[in-house]
Structures are given as structure tokens and as C-alpha cells.
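In: Quick one: sequence and predicted model below, then my questions.
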Amino acid sequence: MNKFLRPLTVLACLIAGGSLLGQSVTGTWKTVDDRSGEARALVRLYEKGGRLYGTIESLLREGDKNARCTACKGDRKNQPVKGMQILNGLEKVGPYRWEGDGDSLFDPEQGKSFRSRVWLDPDHPDILKVRGYWMFFYRTQNWKRAS
């Protein structure tokens, strides 16, 4: 019995893990507002020096196409949102999981930075979970892989 159980167990593990096999968080993602369900932007995620970064490539809502960061302070004040870096230096903590400190996720709409966590949904590898933390409160958005 044990002779047959071992290969089946290995096969089951390969099938279960196969949904994420070859997937990566890098690439272009469509951000989706967790409150309205509306697609907002395309963000390109990339690795540099073993860390994860993300930049807004385009804004999808017609009224936002030329949006500027009016809520921002410092160097970002009134800068175009398109082209803005919103994920900054997240560290890989697992095969499909990244985490960052208090300045790793930037929300141009609020003009604020947050501690963050990013991971692929294990059941849907074309869904990226993006969570921002403020103290012990958090908010999670599901971004969709852009085709």
C-alpha cells in the first residue's frame, strides 16, 4: 500500500502547486479599486537588485488621463500620476510573496505611503493581492494580470 501511496502523494503536490508554476508577479497589472470594482490604472511591476518596484504606465478612466498628484507633498506635489513609482523596494519573502516597509506602497490619490504586502492568489495566479497597512488597519486590492 505504501508503495502506491507515495507516487500519488507526489503527483497531488505537483498538481496543487502547478497553478503557480512559472508565474511571476512581474509584468503589467490592471489595478482595480476595492470599493467600486472599477479598473483604474495599468502598473508595471519589475525586479531590480532583488527587490520589487512598480510604476504607473497608464490611467484608464477618461477623467484621470492627465491627473496630477495634488494630494502629494514634496517632490511629487503636482507631478503627473502617469509614470509615478508606487511600489518601492519590496523584499521577496516567499516564492510569490513580497513585503515592504512604511514607504513601500504609495497612493497618489491620498498622497500617502504605506507598509505593504504583495502576493499571487494561490487559486488564481492572474490575480495579485496588494495590501497596504496603516498601523494595524489594512486594505487589500485585487489587481488583474493585463493581457
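Out: Yes, it's here.

In: how about the helices of the protein, start to end?
Out: Per DSSP state H, the chain carries helices over the ranges 2-18.

In: Tell me which residue is most central in it.
Out: V130 (4.4 Å; CA atoms, centre = their mean).

In: Contacts only, for the residue nearest to it when sequence neighbours are not counted.
Out: Leaving aside its sequence neighbours, V130 sits nearest to Q141 (CB to CB, 6 or more residues apart in numbering; 4.9 Å). Backbone N, C-alpha and C define where each C-beta goes, glycine included. Q141 is in contact with 31-34, 129-131, counting by CB atoms under 8 Å, 6 or more residues apart in numbering.

In: cool, and G89?
Out: 51-53, 100-101, 104.

In: Mind checking which of the residues you listed are buried?
Out: 51-53, 100, 104 (16 or more other CB atoms under 10 Å).

In: Kindly reformat the residues you listed as a markdown table containing distance to E38.
Out: Below are the buried ones among the contacts of G89 laid out as a markdown table (distance: CB to CB, whole Å):
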| residue | distance to E38 |
| --- | --- |
| R51 | 30 |
| L52 | 25 |
| Y53 | 25 |
| G100 | 25 |
| S104 | 24 |
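
In: List just the nearest of the residues you listed to M84.
Out: Y53 (11.6 Å; CB to CB).

In: how close does that closest one get to K112?
Out: Note on Y53: its distance to K112, by CB to CB, to the nearest Å, is 18 Å.

In: ok so, going back, okay, and which of the buried ones among the contacts of G89 map to strands?
Out: Counting by DSSP state E, the part of these found in strands is 51-53, 100, 104.
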